[in-house]
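In: I'd like to go over a predicted model; first the sequence, then the structure.
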Amino acid sequence: MSFPGTWMTQSESVVYRVVPKCACSTIGQIMYYSDHGQFFDGDIHDAKQGLHKWAMEDSKPLITRNVQSHGSYAFTCVRNPYTRILSSFFDKICGIQRNGKRYRGNLVPLLIQKYGIEVGDPETGFAFDQIKSFRRFLLFARDTIRWRRPMEPDIHWSAMSGHISTFIVNGGRYDKIFWTEQFNDGMQDVLNGIETAHPVDLAAIPRFNESEGHGPKRAHPVEDYFDDLSMHLVYEIYKKDFQLFKYDAQNPGNKMPVGDIDLDEVHAKLRQ
């Protein structure tokens, strides 16, 4: 049994399945704070202690036992597929990563060569045609997900339902799935369902956006990036995400959900 991307507080008060680009830095810091009364100094993804993570060998048996026995409240968080793929483009493709380099080394040169994408650079203020480049990136993302070429799909733009399903297939069950777009309400429901060593005041918690400020700012409204073909591609890639997490596939400008998430439906469809 494997639970990739699963984090758990040291106190085992709560279990969280990470979904990239869905407020995971903020959620991880809240979990860390709830146990220790302070935030982790740095990017929570780099923390090697203070939080159990599936990527750490010592944590695996503890997470496995807890998840399979449903020993703790378990949750995850989702985001509108349109804004999530846009965020992935600006952060991972256009942005300079926290190590001062481009994401995944040769990925950006590959995109420039094979898909004609421009990404700009800090020296010129990241000046480039964002809409044209993003639409070409969408073709690349679709190719990686549909045909696994020219590379395997990256975790930052692979479907949320794929991340979330690994937890279910291996015997886990979620108590809550909430929307990034209604973060405080959803996270408060989680906190209300668990006991924490240190009280968490969500109104006072900063947002930990580790990718912010390292790349170009989005220059246009979300809907301007998606023409009819782009919307078709996004729906092809993320059909299950739209359906299960109740987002509006017809209107990229509406980031809010249009219905309630049915946990039983999610478990039934993602267990297959």
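Out: In hand now; what should we look at? Only a predicted model underlies this, so the values are computations on that prediction, with no experimental measurement involved. Numbers count the residues shown, from 1 in each chain.

In: can we go C-alpha only for contacts and neighbour counts from here?
Out: Will do.

In: setting aside sequence neighbours, what's the nearest residue to F89?
Out: F134 (6.9 Å; Cα to Cα, 6 or more residues apart in numbering).

In: and that neighbour, how many neighbours?
Out: Residues contacting F134 under the criterion other Cα atoms under 10 Å number 23.

In: contacts only, for it.
Out: Shown here is F134, whose contacts under the criterion Cα atoms under 8 Å, 6 or more residues apart in numbering are 86, 89, 117, 225.

In: of these, grab the buried ones for PyMOL.
Out: Taking 16 or more other Cα atoms under 10 Å as the burial criterion, the selection of buried members of the contacts of F134 in PyMOL is written as:
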select buried, resi 86+89+117+225
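
In: what is the nearest of the contacts of F134 to E152?
Out: Checking these against E152 with Cα to Cα, the nearest one is F89 at 16.3 Å.

In: and the residue nearest to F89, its phi and psi?
Out: Here is the backbone geometry of F134 (degrees, to the nearest 10): phi -60, psi -40.

In: confidence score at it?
Out: pLDDT for F134: 97.

In: one step back: now, which of the contacts of F134 sits nearest Y238?
Out: Using Cα to Cα as the measure, the one of the contacts of F134 that approaches Y238 most closely is L86, at 13.3 Å.

In: which pLDDT value belongs to the closest one?
Out: Confidence per residue is given as pLDDT, and for L86 that number is 96.

In: checking the closest residue to R149 other than its chain neighbours next. Helix, strand or coil?
Out: Once its chain neighbours are removed from consideration, R149 has its nearest residue in D143; the separation is 5.8 Å (Cα to Cα, 6+ apart). What DSSP: H, G, I helix; E, B strand; the rest coil gives for D143 is helix.

In: looks like D143 contacts P150 (just checking).
Out: Yes. Shown here, D143 and P150 form a contact pair, counting by Cα atoms under 8 Å, at 7.3 Å.

In: neighbour-wise, which of the two wins?
Out: In terms of neighbours (other Cα under 10 Å), D143 is the more surrounded of D143 and P150; the figures are 17 against 13.

In: quick one: mean pLDDT over stretch 104-119.
Out: Stretch 104-119 comes out at a mean pLDDT of 91.

In: could you do stretch 177-188 as well?
Out: For stretch 177-188, the per-residue pLDDT values average out at 97.

In: tell me the gap between it and the middle of its chain.
Out: Mean C-alpha position of stretch 177-188 versus that of the full chain (Cα atoms, centre = their mean, to the nearest Å) differs by 13 Å.

In: okay, which residue is most central for the protein?
Out: The residue lying closest to the centre of the chain (Cα atoms, centre = their mean) is P20, at 2.3 Å.
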